[in-house]
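[1] Sequence first, then the predicted structure:
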Amino acid sequence: MNKLFIGKIDVSKIDKKRLFKGTKGIYCDLTVWFSEEPDEYGNNLSIQQSTKKGEPKIYLGSAKFYIPKEEKEAPKANDKWQGKKDEVPPHVQEQQDQLSDLPF
């Protein structure tokens, strides 16, 4: 079953020396930790930039399991949007709005 997690990272904390060029862009290796128990803000995931064993961790941000407001449970794979053809579902529009202020 697919699950959607929504989170934030502090891009100013990324160690640019650890970025590397690939065939389709510039990449950053990440380590994502899932916790059964959410923190005080409801986050279940901790996002870090990958480091070598013994090096200090680079904490970038966190994320939480996303459930659309209009649904009590996560959407099923066979659920289909019943809106108009060119209309964006409300939960997708909300996600796009959250991403629209990225500096790149």
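    Alright, I've got the coordinates.
[2] ok, the longest strand anywhere in the chain: who's next to it in the sheet?
    With secondary structure taken from DSSP state E, the chain has its longest strand at strand 58-65. In its sheet, strand 58-65 lies beside strand 5-9 (antiparallel), strand 45-49 (antiparallel), with partners assigned from DSSP bridges.
[3] quick one, which of the ones you listed is packed in tightest?
    Greatest average neighbour count among the strands paired with strand 58-65 goes to strand 45-49 (a mean of 18), per mean count of other Cβ atoms under 10 Å. The C-beta positions use only the backbone N, C-alpha and C, and glycine is treated the same way.
[4] As a check, name the ranges of all strands in this structure.
    Secondary structure of the chain by DSSP E: the strands cover 5-9, 20-22, 25-27, 30-34, 45-49, 58-65.
[5] buried stuff in stretch 29-47?
    By neighbour count with 16 or more other Cβ atoms under 10 Å, stretch 29-47 contains the buried residues 43, 44, 45, 46, 47.
[6] how about JSON lines for these, with pLDDT and distance to residue 15 added?
    Listed next are those as JSON lines, based on pLDDT from 0 to 100; distance: Cβ to Cβ, whole Å:
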{"residue": "43", "pLDDT": "92", "distance to residue 15": "22"}
{"residue": "44", "pLDDT": "92", "distance to residue 15": "25"}
{"residue": "45", "pLDDT": "93", "distance to residue 15": "20"}
{"residue": "46", "pLDDT": "95", "distance to residue 15": "17"}
{"residue": "47", "pLDDT": "96", "distance to residue 15": "14"}
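[7] which pair in the residues you listed spans the largest distance?
    Of all pairs drawn from the buried residues of stretch 29-47, the greatest distance, 11.2 Å, lies between 44 and 47 (Cβ to Cβ).
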